[in-house]
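In: got a structure for you, letters missing:
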């Protein structure tokens with residue numbers, strides 16, 4: 001949530017034919033949500049945005065990240081969603097890469113508490129509940145349905161089978177307009193700044209190959225095992241050393257399930273061709289410096305891989321040599337990383353008005369590493385490297401993102 005989302009913007013979404021707007025909510029009160037997000041005022045703005053959408057008749061979805069810090073907030077968040085008339089609750093479980101690696105994962109025991117809790121909430125409230133990276137929710141929902149009967153809002157269908165819709169009815173559009181089959185598979189099919197999204201989707205090789213998967217989305221025979229693809233492994237048989245208890249009367253998946261490997265050879269051939277590339281990228285990531293890894297995890301989504309930023313929102317980083325050389329510039333850059341930055345910012349004659357979150361959770365040396373990486377890689381700076389001691393000193397006085405901006409040294 002940023003100050004650029006206003007009542008007028010939401011009304012324009014509706015006028016343009018947007019079907020549904022998604023808002024993030026990770027706590028049931030300002031302390032929990034703003035504390036998790038690291039930006040004060042985002043909880044209040046999120047609730048306002050939901051109200052504005054309701055005023056104009058725009059459907060809403062709320063996205064919630066589940067971690068050890070937030071999972072106990074789920075019942076309170078559900079109450080808010082019901083009061084705001086939210087249509088869908090997308091509950092995201094952490095993928096331990098990038099920024100997700102810095103957050104506390106749930107323990108196996110906590111997963112077993114959270115999944116039944118989500119299902120209970122899906123029965124109590126009118127909105128739909130869907131999980132991302134939480135395939136065990138499917139098992140819990142199917143087992144509870146068979147045992148208890150009645151209605152629920154869990155978006156788990158008996159006939160859905162394998163959950164894999166990347167590039168098939170779903171695409172991910174990045175902040176720069178690149179269209180990917182998934183946010184976790186950055187292989188671009190085109191850019192919406194150059195071609196219409198519908199054209200990109202229809203002509204994408206992912207969409208064309210995934211069309212052969214239409215008959216492999218599963219059926220009741222597959223679903224009757226109660227196990228999702230994420231739990232049962234990639235093939236029709238069980239994982240080595242694991243025996244799933246049979247369900248009386250259920251046909252075996254080996255006999256009845258149309259597994260994608262048989263039904264979608266084009267899709268799997270595409271993925272096989274990608275594996276060497278993905279492996280190379282993985283090795284490249286391992287070879288990165290600590291600063292490069294931190295930049296990739298925390299900064300790249302806004303400032304881009306080349307440090308050029310996003311016009312009007314996030315500034316390029318190429319000018320920072322002038323900042324670090326200015327009086328008070330070193331302290332300012334450290335504060336930007338620790339406490340965030342908010343407000344209009346002019347860089348080389350152009351105005352930017354994005355919101356940078358704080359990264360106080362980084363260690364002193366990590367803050368120094370990422371700043372030195374940015375300064376040497378993008379700004380080509382010859383300044384003395386920033387040290388962990390300088391970061392430690394800056395923690396003595398916390399500032400708001402607005403106050404950090406006020407402390408910016410004048411730079412031509």
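Out: In hand now; what should we look at? Given the structure is predicted, the values throughout are model-derived calculations rather than measurements.
In: what's the distance between stretch 8-25 and the middle of its chain?
Out: From the chain centre to the centre of stretch 8-25 is a distance of 19 Å (Cα atoms, centre = their mean, to the nearest Å).
In: per-residue confidence at residue 284?
Out: Turning to residue 284, the model gives it a pLDDT of 57.
In: before we move on, what about residue 246?
Out: Reading off the model, residue 246 has pLDDT 43.
In: Output the below-cut-off pLDDT ranges for the stretch 251-400 of the chain.
Out: Scanning the stretch 251-400 of the chain with the threshold set as pLDDT under 70 gives 251-288.
In: what do you get if the cut-off is 90, keeping everything else the same?
Out: Along the stretch 251-400 of the chain, segments meeting pLDDT under 90 span 251-290, 292-293, 296-298, 300-302, 304-306, 310-313, 342-343, 353-355, 357.
In: Could I get the full set of helices for it?
Out: According to DSSP state H, counting those that start in this stretch, the stretch 251-400 of the chain carries its helices in the segments 253-256, 260-263, 265-287, 290-298, 300-303, 320-325, 329-339, 364-377, 388-394.
In: Now do the fourth one against helix 329-339, angle only.
Out: If I follow you right, that is helix 290-298. Angle of helix 290-298 versus helix 329-339, following axes from the mean of the first three to the mean of the last three Cα atoms, to 10 degrees, is 40 degrees.
In: For helix 290-298, buried residues please.
Out: For helix 290-298, a neighbour-count test (16 or more other Cβ atoms under 10 Å) marks 291, 292, 293, 294, 295, 296, 297, 298 as buried. In short, each C-beta sits where N, CA and C put it, glycine included.
In: Same question for the fifth one.
Out: When neighbours are counted by 16+ other Cβ under 10 Å, the buried residues of helix 300-303 are found to be 301, 302, 303.
In: nearest to residue 39, of the buried residues of helix 290-298?
Out: Nearest to residue 39 among these is residue 298, at 14.3 Å by Cβ to Cβ.
In: Was I right to think that closest one contacts residue 370?
Out: Yes - using Cβ atoms under 8 Å, residue 298 is in contact with residue 370, at 7.0 Å.
In: any shared contact partners between those two?
Out: residue 362 (Cβ atoms under 8 Å, 6 or more residues apart in numbering).
In: Mind splitting this protein into its structural domains?
Out: Using the TED database, the domain parsing of the chain gives 7-159, 163-212, 290-407.
In: what's the distance between the first one and the middle of its chain?
Out: Which is domain 7-159. That offset, for domain 7-159, works out to 13 Å (Cα atoms, centre = their mean).
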